[in-house]
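>>> I'd like to go over a predicted model; first the sequence, then the structure.
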Amino acid sequence: MIPLVKTYLPAAEVLMPELQRVLYSGYVAQGEQVELFERAFEQYIGSGYSLSLNSGTAALHIALELCGVKSDNEVISTALTAEPTNVAIKMVGAKIRYADVDLNTGNICPASIEANINQKTKAILVVDYAGIPVNVPAIQAISKKYNIPVIHDAAHALGAKFNGVKAGGHFPYTIFSLQAIKHITTIDGGILQVLSKDEYERAKLIRWFGIDKKRTRLENNIQFQGYKYHMNNVNATIGLLQLETVAATVNSYIENGKFFDEALRGINGLELIQYYPGSEPSYWLYTLKVKDRVNFIKMMESNGIAASELHKRNDWHDYLNDFDSPLPVLDNFYSKMVHIPCGWWLNEDIRLKIVSIIKKGW
Ligand SMILES: Cc1ncc(COP(=O)(O)O)c(C=O)c1O
């Protein structure tokens with residue numbers, strides 16, 4: 001079966017000597033490799049400061065704290081995402097206020113964000129679901145109009161762009177996940193990309209118990225809650241090697257996605273995603289809307305190609321459904337949504353096979 005997601009790792013001849021060197025170097029905690037990894041990640045993104053962490057969820061948690069979200073607040077979010085996006089909101093004790101999505105992309109709808117803003121709204125959390133960019137300019141305008149910060153969950157969208165700028169450069173806080181099946185992985189890990197240097201410095205303290213690593217323990221005087229969220233040298237070593245080939249890795253997803261965008265046009269029973277003008281997805285998954293999804297998935301699987309919704313819409317979890325808001329556009333989108341594989345493990349033969357079996361119908 002061609003899987004929907006797959007772990008990419010550098011070849012053993014490249015990875016193992018580096019890992020061995022770091023593992024027995026006498027220093028496996030957060031040190032030089034972590035620093036090098038952060039600076040290299042920053043270069044790849046091209047804007048802001050990269051804070052490495054042990055998960056994308058930790059990045060979300062810190063971003064919410066930087067926004068000052070507390071238990072009597074609400075965060076506007078989307079239900080079409082992986083659970084960590086919204087579980088993180090509950091970690092700071094706030095309530096999740098779901099906005100509806102745009103029918104063309106499945107991503108959060110700017111007009112619905114605006115309609116859901118109220119006195120308790122402290123942050124807006126938007127997700128480039130499956131690697132499809134959100135409507136960045138419209139969301140930036142709302143953030144400015146109401147003076148509410150935006151957290152950009154780009155866990156699926158490494159290398160995605162809007163108006164030529166990569167995810168990481170649009171909003172004050174962007175998170176990436178480096179978990180096993182993302183575009184690049186450090187096995188587990190995450191990045192909080194912060195545009196302001198001051199907030200980056202504060203995030204650094206929150207990352208490690210509220211302790212300033214530049215001073216001795218005795219010189220430190222903790223002022224606020226921190227956590228144990230740092231990355232270590234072993235994970236960072238894997239990350240550094242991943243970054244050497246990140247452009248090619250991400251590009252393989254993009255090439256496959258663009259291929260499907262062309263080759264799957266005009267097929268009966270199938271609707272393609274219409275990306276926002278100016279946006280360039282990084283196609284972590286290839287998302288489609290299909291008629292009769294159950295049969296579509298059966299047909300794909302009987303031909304050896306995985307296909308699925310992958311994520312349960314988050315408002316269908318009782319714990320994540322604070323207001324039980326109606327989401328009619330999501331109801332429509334989600335009833336047809338399916339993902340098919342789009343990553344580096346596809347070759348020309350597999351791509352052509354996917355197109356030809358879909359063209360035969362289901
Ligand atoms: C959309 C989204 N946000 C956040 C996360 C959290 O990332 P992590 O698993 O690195 O904590 C994930 C991944 O699992 C995700 O898919």
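Sure, I can see it. Numbers count the residues shown, from 1 in each chain.
>>> contacts and neighbour counts: CA atoms only from here.
OK.
>>> where along the stretch 201-350 of the chain do the strands fall?
With DSSP state E, counting those that start in this stretch as the criterion, the stretch 201-350 of the chain has strands at 270-272, 279-280, 286-290, 337-340.
>>> of all those strands, which one is nearest residue 305?
Of all the strands of the stretch 201-350 of the chain, strand 337-340 sits nearest to residue 305, with 7.8 Å by C-alpha to C-alpha.
>>> quick one: list the elements packing against that closest one.
Here strand 337-340 is seen to pack against strand 286-290 when contacts are counted using 3 or more C-alpha pairs under 8 Å, 6 or more residues apart in numbering; DSSP states H and E.
>>> who touches the strand it packs on?
Under the criterion C-alpha atoms under 8 Å, 6 or more residues apart in numbering, residues 130, 257, 269-273, 296, 333, 336-342 lie in contact with strand 286-290.
>>> what sits against whichever residue of the stretch 201-350 of the chain sits closest to the ligand?
Nearest residue of the stretch 201-350 of the chain to the ligand: residue 311, at 8.8 Å (C-alpha to the nearest ligand atom). With contact taken as C-alpha under 8 Å, 6+ apart, residue 311 is in contact with 80-82.
>>> repeat for residue 204
Contacts for residue 204 (C-alpha under 8 Å, 6+ apart) come out as 51, 212.
>>> circling back: so which of the strands of the stretch 201-350 of the chain is the most surrounded?
Highest mean neighbour count among those (mean count of other C-alpha atoms under 10 Å): strand 286-290, with a mean of 23.
>>> who does that one pair up with?
Its sheet considered, strand 286-290 pairs with strand 270-272 (antiparallel), strand 337-340 (antiparallel) by DSSP bridges.
>>> what does the longest one rub up against?
Surrounding strand 337-340, the residues in contact under the criterion C-alpha under 8 Å, 6+ apart are 4, 285-290, 293, 305-310.
>>> columns pLDDT and distance to residue 90 on top of the residues you listed, output as CSV?
CSV is the format used below for the contacts of strand 337-340 (pLDDT from 0 to 100; distance: C-alpha to C-alpha, whole Å):
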residue, pLDDT, distance to residue 90
4, 98, 29
285, 98, 27
286, 98, 29
287, 98, 28
288, 98, 30
289, 98, 31
290, 98, 33
293, 98, 32
305, 98, 36
306, 98, 32
307, 98, 30
308, 98, 27
309, 98, 24
310, 97, 22
